[in-house]
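A.B. asks: Let me see the structure of the following:
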Amino acid sequence: MASLMSSNKANTPTQDALNNNKKKQYNINEDNLYNNRQQTVNLTPAGELILEGRDLQEIPKKIALKHGPSTKLLNIKENRITTANNINFFTNLTTLILDKNDLTQISFFPTMPTVKTLWFNNNKCNDLNGICKDLARCFPNLEYLSMLNNPCCPAFYDDTVLGADKYRRYRLLLSFHLQKLRFLDATPITAAERNDANLKGQFLGKTAKPSRKSNRPLSPGLSKEEVEYENAKLRRKSKVKKRTSSSLLGIGNADHRYDGRHSEGNRFITNNDL
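C.D. replies: Here you go, the predicted model:
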């Protein structure tokens, strides 16, 4: 019995062995991706690397090491990308295509000052203020940006008054954070939008909170006429309007209250009817 137990124990894999097997299996899968599809992972003469639609959760490290420094355009659309692992090897990247992935944010991306074009359509970002700040940090020289069909982005084709205003504010907010942005969602940033963004952008990402009214002193520097005008305005506000009593019919005041004594119908009512 003891020999049987020792034999079973010897045949039971340890946790380290399981981890090694898992790591080995991961490396094999990455090698298969690299080797079996090597003919479709080649860098084009223009420096374009296409990894579209490969069910990737991150950029394979071997591909990043081999092609990263020479890649100008990286296309990893239609994958399951949720991290920025190994993108730091793409030191000369100018165009990054991230469409149709599972990204909810980009805060984990490194600063990539060479990137001027970013396609971020059809992802899962729902925090517009957060991604504006992250875009400014990660891609400070961004000139072309498309973010259509993210939960945080209003529809540009909504021609209602409210929809158009939401999209306008969205453009101004991004223009304010990305000072070098020239195109947003394939539409150029106009000079008027840039001016409005510089004037109003800092307020668009904030929610106004009502404050309690207080009897604060008037601002210094007002003229005598302005002081008198403001004081008169305060007096009018502080004056309590007395509410007059209304009649039973809702007309008149207490002095002319209707009590029915002068009704024509009373002539036909006798004491016996009461």
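A.B. asks: Output the below-cut-off pLDDT ranges for the stretch 1-150 of the chain.
C.D. replies: For the stretch 1-150 of the chain, the stretches flagged by pLDDT under 70 are 1-40.
A.B. asks: Residue 231 - that's part of a strand, no?
C.D. replies: No. Checked against DSSP: H, G, I helix; E, B strand; the rest coil, residue 231 lies outside a strand; its state is helix.
A.B. asks: quick one, strands of the protein?
C.D. replies: 48-50, 73-75, 95-97, 117-119, 144-146, 183-184, 187-188 (DSSP state E).
A.B. asks: Out of these, the one nearest residue 203 is which?
C.D. replies: strand 183-184 (19.2 Å; C-beta to C-beta). Glycine gets a C-beta too; all of them are placed from N, C-alpha and C.
A.B. asks: The closest one - contacts with which helices or strands?
C.D. replies: In terms of contacts (3 or more C-beta pairs under 8 Å, 6 or more residues apart in numbering; DSSP states H and E), strand 183-184 is packed against strand 144-146, helix 161-177.
A.B. asks: what's the closest of those to residue 190?
C.D. replies: helix 161-177 (9.5 Å).
A.B. asks: Run through who's touching the closest one.
C.D. replies: Defining contact as C-beta atoms under 8 Å, 6 or more residues apart in numbering, one finds that helix 161-177 is touched by 128-129, 132-133, 135-136, 145, 147, 153-156, 158, 181, 184, 189, 193-194, 196-198, 200-202, 204-205.
A.B. asks: got it, and stretch 68-83?
C.D. replies: Contacts for stretch 68-83 (C-beta under 8 Å, 6+ apart): 43, 46-59, 86-87, 89-104, 108, 119.
A.B. asks: so how far is the first residue of that stretch from its last?
C.D. replies: End-to-end span of stretch 68-83 (C-alpha to C-alpha, to the nearest Å): 17 Å.
A.B. asks: got the buried residues for that stretch?
C.D. replies: 68, 71, 72, 73, 74, 75, 76, 77, 78, 79, 81 (16 or more other C-beta atoms under 10 Å).
A.B. asks: Also stretch 118-125?
C.D. replies: Result for stretch 118-125 [16+ other C-beta under 10 Å]: buried residues 118, 119, 120, 121, 122, 123, 125.
A.B. asks: Throw these into CSV and include distance to residue 175, thanks.
C.D. replies: Shown next, in CSV, are these (distance: C-beta to C-beta, whole Å):
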residue, distance to residue 175
118, 15
119, 18
120, 16
121, 18
122, 22
123, 20
125, 18
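A.B. asks: all helices of the chain, in order?
C.D. replies: 2-11, 15-36, 61-67, 128-138, 161-177, 191-204, 224-238 (DSSP state H).
A.B. asks: Serialize the strands of the chain to a markdown table and add fields for distance to residue 173.
C.D. replies: Shown next, in a markdown table, are the strands of the chain (distance: least, C-beta to C-beta, whole Å):
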| stretch | distance to residue 173 |
| --- | --- |
| strand 48-50 | 31 |
| strand 73-75 | 27 |
| strand 95-97 | 21 |
| strand 117-119 | 16 |
| strand 144-146 | 12 |
| strand 183-184 | 10 |
| strand 187-188 | 15 |
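A.B. asks: quick one on the thing from earlier: buried subset of the contacts of stretch 68-83?
C.D. replies: Buried among these (16+ other C-beta under 10 Å): 43, 47, 49-51, 56, 58-59, 86-87, 89-90, 93-101, 103-104, 119.
A.B. asks: lowest-confidence stretch among the helices and strands packed on strand 183-184?
C.D. replies: When the helices and strands packed on strand 183-184 are compared by mean pLDDT, helix 161-177 comes last with a mean of 93.
A.B. asks: Can you point out the buried residues in that one?
C.D. replies: Buried positions in helix 161-177, judged by neighbour count with 16+ other C-beta under 10 Å: 166, 167, 169, 170, 171, 172, 173, 174, 175, 176, 177.
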